[in-house]
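Colleague: next one to model:
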Amino acid sequence: MPKMSNGETPFSLTYGTEAMISVEIGAPTRRTLQGEGRVKEDLRLNLNLAEERREEAARREVEYKKKIGRYYNARVREVRFKKGVWALRENEASIKEDQGKLWPKWEGPYQVIWAGDKGAYRLADSIGKEVPRIWNSCTK
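Modeller: Model (predicted):
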């Protein structure tokens, strides 16, 4: 199957030609009806053009990633906290192993005691003890 991001199959990018399925080998098709010499010549030509196909596929993939990035960034909602605001922290950040689906996803509340310019925060728990390290906000 061709990849959506570049329009090529991984096989064709690797070997310079499309794969021949087993049904196609036994059935009379344009590829199987050509002579042995013609098939080898086509394979050699495709192999010579493979680098160009890879470069074109890489260009299409970059364009596709830019398009996906624009789509994602148009829908991202930035969240900024101010000093003194109370917030919850996601459990995934502080727990090393999965606790199962019934485990709470959020913990806190924590008070923001310092807010950086690019979404970095220092937190303190409800009794005023500072939480180690700097935390970043994320939007989902």
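
Colleague: now do the strands in this protein.
Modeller: For the chain, the strands defined by DSSP state E occupy 86-90, 106-115, 120-124, 135-136.

Colleague: quick one, what contacts the residue positioned nearest the centre of the chain?
Modeller: Taking CA atoms, centre = their mean, the centroid of the chain lies closest to K65, which sits 8.9 Å from it. Contacts of K65 were listed using CB atoms under 8 Å, 6 or more residues apart in numbering, and they are S5. Heads up, the C-betas are built off the backbone N, CA and C, glycines and all.

Colleague: just name the most buried of the strands of the chain.
Modeller: strand 120-124 (a mean of 18; mean count of other CB atoms under 10 Å).

Colleague: got the CA positions of that strand in CSV?
Modeller: Presented in CSV, the C-alpha positions along strand 120-124 are these (Å, rounded to 0.1, in the frame of the first residue of the first chain):
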residue,chain,number,x,y,z
ALA,A,120,7.4,26.5,32.5
TYR,A,121,6.2,26.6,36.1
ARG,A,122,7.3,25.9,39.7
LEU,A,123,4.6,24.3,41.8
ALA,A,124,4.0,24.0,45.5
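
Colleague: list the buried residues for stretch 51-58?
Modeller: R53, R54, A57 (16 or more other CB atoms under 10 Å).

Colleague: tell me the spacing between the last one and L88.
Modeller: Relative to L88, A57 is positioned 44 Å away (CB to CB, to the nearest Å).

Colleague: okay, now the domains of the chain?
Modeller: As assigned by automatic domain parsing, the chain contains the domains 10-75, 86-136.

Colleague: average pLDDT across the shortest one?
Modeller: When pLDDT is averaged along domain 86-136, the result is 85.

Colleague: now the end-to-end length of it.
Modeller: End-to-end distance of domain 86-136 (CA to CA, to the nearest Å): 14 Å.

Colleague: what comes into contact with stretch 118-137?
Modeller: By CB under 8 Å, 6+ apart, stretch 118-137 touches 78-81, 87, 89, 93, 108-116, 138.

Colleague: which stretches of the protein form helices?
Modeller: 10-15, 22-26, 30-33, 36-75 (DSSP state H).

Colleague: export these to JSON lines and tack on mean pLDDT and distance to P132?
Modeller: Output for the helices of the chain, formatted as JSON lines (pLDDT from 0 to 100; distance: least, CB to CB, whole Å):
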{"stretch": "helix 10-15", "mean pLDDT": "80", "distance to P132": "44"}
{"stretch": "helix 22-26", "mean pLDDT": "62", "distance to P132": "60"}
{"stretch": "helix 30-33", "mean pLDDT": "62", "distance to P132": "64"}
{"stretch": "helix 36-75", "mean pLDDT": "84", "distance to P132": "31"}
